[in-house]
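>>> take a look and give me a structure for this.
(one chain, ligands or ions: 1)
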Amino acid sequence: MHKLFDLSGKTALITGSSRGLGFAYAQGLASAGASVVLNGTHHETLQTAIETLTSQGYHATGYVFDVANETQIIDVFKQMDQAGVTIDIVVNNAGIQHRQPMVELELKDWQRVLDVHLTGTFLVSREAAKRMIKRQSGGKFINICSLTSEQARPTVAPYTAAKGGVKMLTKSMSAEWAQYHIQANAIGPGYILTDMNEALINDHAFDTWVKNSNPTKRWGKTEELIGTAIFLAAPASDYINGQVIYVDGGWLAVL
Ligand code: GCO
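A predicted model of the protein is given here:
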């Protein structure tokens, strides 16, 4: 492992990592040497994920908390303090989707999407950054943006507003924390074959649209995001701050 990509001795917290893309990010960072702290909202699913990574020879633990719940987040960070767990890398991956025309959208559904993606990224990052700054250790934040951080499509307004916010929150984190040797960047996945997109993948018209809208002419695969996560978690990216790396098959580059 080249030292510029070696995460040995580092501990990474990945939110929303008991399954899907979050689990893949956790497995990828663990494969580069990191100890990983998983997160989910269901104890059984989280425990299964921890056991899977442990069986693969990785150091994995985890905590159940809702990234939109400030009280739970503060409590978990206090538990980690008491357990001597210091977080060096945070992947703010937890996310939900809600597809509905805005004129039919209820406030509670709008709010929940914003709370999970945008407020959750803020709350988790605030607690982690406080500790990174206090121990003068530096650190890495990898937020998850989206093509919808740049462009909109109908029926996903809360997600789009949230992901646009996450792009600018990433820059705000850089503005305040780069002086402490903290790098805050983001990954912007294109259309990826994930559980969250199952309805879209199975919709022939949408599937055709995705394939015709990017020059690679296909959906992305979960494993195609992992290298960017390792890069942004590693010393190789120490002079990169406030950037979004789009892993989108060229979608945003081409008319
Ligand atoms: C949707 C999808 C997208 C993708 C991804 C695209 O309903 O349009 O869920 O939001 O998940 O974010 O970059």
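>>> which residue packs closest to residue 139, ignoring adjacent ones?
Leaving aside its sequence neighbours, residue 139 sits nearest to residue 132 (C-beta to C-beta, 6 or more residues apart in numbering; 3.8 Å). From N, CA and C alone the C-beta is placed, and that goes for glycine too.
>>> what about the lengthiest strand in the chain, near the ligand?
Longest strand in the chain by number of residues (criterion: DSSP state E): strand 182-189. Yes: part of strand 182-189 sits near the ligand under the criterion C-beta under 6 Å from any ligand atom, namely residue 189.
>>> just checking: what are the partner strands of that strand?
As defined by DSSP bridges, the strand partners of strand 182-189 come to strand 139-144 (parallel), strand 244-247 (parallel).
>>> that strand: what's the following helix or strand?
Under the assignment DSSP states H and E, the closest C-terminal helix or strand after strand 182-189 is helix 198-201.
>>> so which elements touch that following helix?
helix 204-213 (3 or more C-beta pairs under 8 Å, 6 or more residues apart in numbering; DSSP states H and E).
>>> restrict the helix it packs on to CA atoms and write it as CSV.
Output of helix 204-213 as CSV, limited to C-alpha atoms (Å, rounded to 0.1, in the frame of the first residue of the first chain):
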residue,chain,number,x,y,z
HIS,A,204,-37.6,1.1,-18.5
ALA,A,205,-38.0,4.8,-19.5
PHE,A,206,-35.9,6.0,-16.6
ASP,A,207,-33.3,3.4,-17.3
THR,A,208,-33.1,4.5,-20.9
TRP,A,209,-32.8,8.1,-19.9
VAL,A,210,-29.9,7.4,-17.5
LYS,A,211,-28.1,5.4,-20.2
ASN,A,212,-28.6,8.2,-22.8
SER,A,213,-27.7,11.0,-20.4
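>>> in it, which residues are buried?
Under the neighbour-count criterion of 16 or more other C-beta atoms under 10 Å, helix 204-213 has residue 210 buried.
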